[in-house]
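Student: here's a sequence, model it:
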Amino acid sequence: MKKNIFNLDKTDKEIIEILQNDSQITHSKIADQLGLSQPTIGVRIKKLEEAKIISHQIGVNLKENRALHLVKVEMINSKPEEAMEMAKYCPYVINALKQSGVYNISMYLACTNLKRIDYIIDLHFRNREWIKKIRMDIITDIARDFILPIDFKIEDFSDVEEECDIETCPYCIHDGDFH
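Tutor: Okay, the predicted model is just below:
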């Protein structure tokens, strides 16, 4: 017998499926589809959110908006926790994943300028002795909607210089100082 690791019943699964297909759907419309009351749907969604089974994220759909370059960077390194910590600070890093296999860190970066991404990878990662190898791939197409949070404070999406100018990043070099 299969074990349900999320402890979801049939109704919870149906609610999640409906929300995945239309995140803007009202509780009343879900209730109508499932033959339940709107308050019942509201309570179930709240419980799913509190259990961190579902969440809402607003972002840019990179499948539809190709003004941003999306790059996947994989690295072999001996300090994966440090690489993950560095990724938390860089606003160009959309997300980082620690993984098994030869390449133990995978990151997604987004920017309007590929030179800037390359510069950031140089600044943050290529100069570390504990980084053994880096592979960078430019994502050229996306099969499904791919919604990612973008920090619009980092650039105005016009022509940009390649240098990183994020003053709040403790891993960037500013005015000759390494923070």
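Student: pretty sure I41 is in a helix, no?
Tutor: Yes - per DSSP: H, G, I helix; E, B strand; the rest coil, I41 lies within a helix segment.
Student: quick check: it touching L34?
Tutor: Yes - counting by Cβ atoms under 8 Å, I41 does reach L34; the two are 7.3 Å apart. The C-beta positions use only the backbone N, C-alpha and C, and glycine is treated the same way.
Student: the two - which one has more neighbours?
Tutor: Comparing I41 with L34 by other Cβ atoms under 10 Å, the one with more neighbours is I41, at 22 against 16.
Student: which ones are touching that one?
Tutor: I15, H27, S28, I30, A31, L34 (Cβ atoms under 8 Å, 6 or more residues apart in numbering).
Student: mind redoing it with 10 Å?
Tutor: T11, I15, I18, T26, H27, S28, K29, I30, A31, D32, Q33, L34 (Cβ atoms under 10 Å, 6 or more residues apart in numbering).
Student: quick one: contacts for the residue of the chain most remote from its centre?
Tutor: Distance from the C-alpha centroid of the chain, by Cα atoms, centre = their mean, peaks at G35 (35.1 Å). For G35, the contact set (Cβ under 10 Å, 6+ apart) comprises T11.
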